[in-house]
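Novice: Make a model of this:
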Amino acid sequence: MKFTKMMLVAALACGLSLCAHGQAPVAPAQSLDPMVSMIEGEFMGAAKAMPADKYDFSPKTLAIPGSKFEDVRTFGEQVKHVAQANYFFYMSISGLKPDVDVRAIGQLKSKDEIVEAAAKSFAFAHRAVATLTPENAWLTIKPVDGLNTRAAVAAFGVAHCFDHYGQMVEYLRMNGIVPPASAK
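Specialist: All right, here's what the predicted structure looks like:
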């Protein structure tokens, strides 16, 4: 987690240094939306690649003696968690209201419903990121996970997705599935 936050701060600092060195600034939305698109493609590819009958899979289902997997999320729970978190992070930066009951995402059961919820959460993230402007990206907001600007929270939303995507990749591989992003 600390490494992810350090990378986020470094990326934001690099963007600021370009402005300070005479480069034309890029609008925050133009910088952050491609990052959302990148993780959306990888995350959604992984979510779709796992067969429906494996959405309840987690390493705890392997019953490995002495393992420490009792409290880990299932594959489906990973996808639902990210969908809910996307709404939380991106609502925080934009003031947009979700068009769904975010808490109800946690109760979804079928792969199709879960994948649809994740897709809608990424669409919401894109709409929220589009609200970022040079005038508001660095304004202080109510802190989210210790981050207190709209741009920082938006970038952290991407980092959060990558954390869970990495776990999903392991679950896919444990089931003999090559993640779509690795199959290219």
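Novice: Report the spatially closest residue to the residue nearest the centre of the chain, excluding sequence-adjacent ones.
Specialist: In the chain, the centroid-proximal residue (C-alpha atoms, centre = their mean) is residue 161; its distance is 2.4 Å. Excluding the flanking residues, the one nearest residue 161 by C-beta to C-beta, 6 or more residues apart in numbering is residue 39, at 4.4 Å. Just so you know, the C-beta spots here come from the backbone N, C-alpha and C atoms, and that holds for glycine as well.
Novice: So which elements touch the helix or strand containing the one you found?
Specialist: Using DSSP states H and E, residue 39 sits within helix 28-49. Using 3 or more C-beta pairs under 8 Å, 6 or more residues apart in numbering; DSSP states H and E as the contact test, the elements touching helix 28-49 are helix 111-129, helix 150-174, helix 180-183.
Novice: For those helices, which has the smallest mean pLDDT value?
Specialist: Mean pLDDT is lowest for helix 180-183 out of the helices and strands packed on helix 28-49, coming in at a mean of 92.
Novice: So, low pLDDT: which residues of the chain?
Specialist: Low-confidence segments of the chain (pLDDT under 70): 1-24, 63.
Novice: Out of the helices and strands packed on helix 28-49, which gets nearest to residue 31?
Specialist: helix 150-174 (8.3 Å; C-beta to C-beta).
Novice: Give me the three-state assignment for residue 98.
Specialist: For residue 98, the secondary-structure state derived from DSSP: H, G, I helix; E, B strand; the rest coil is coil.
Novice: Which residues are in contact with it?
Specialist: 87, 91, 124 (C-beta atoms under 8 Å, 6 or more residues apart in numbering).
Novice: Done for today, thanks.
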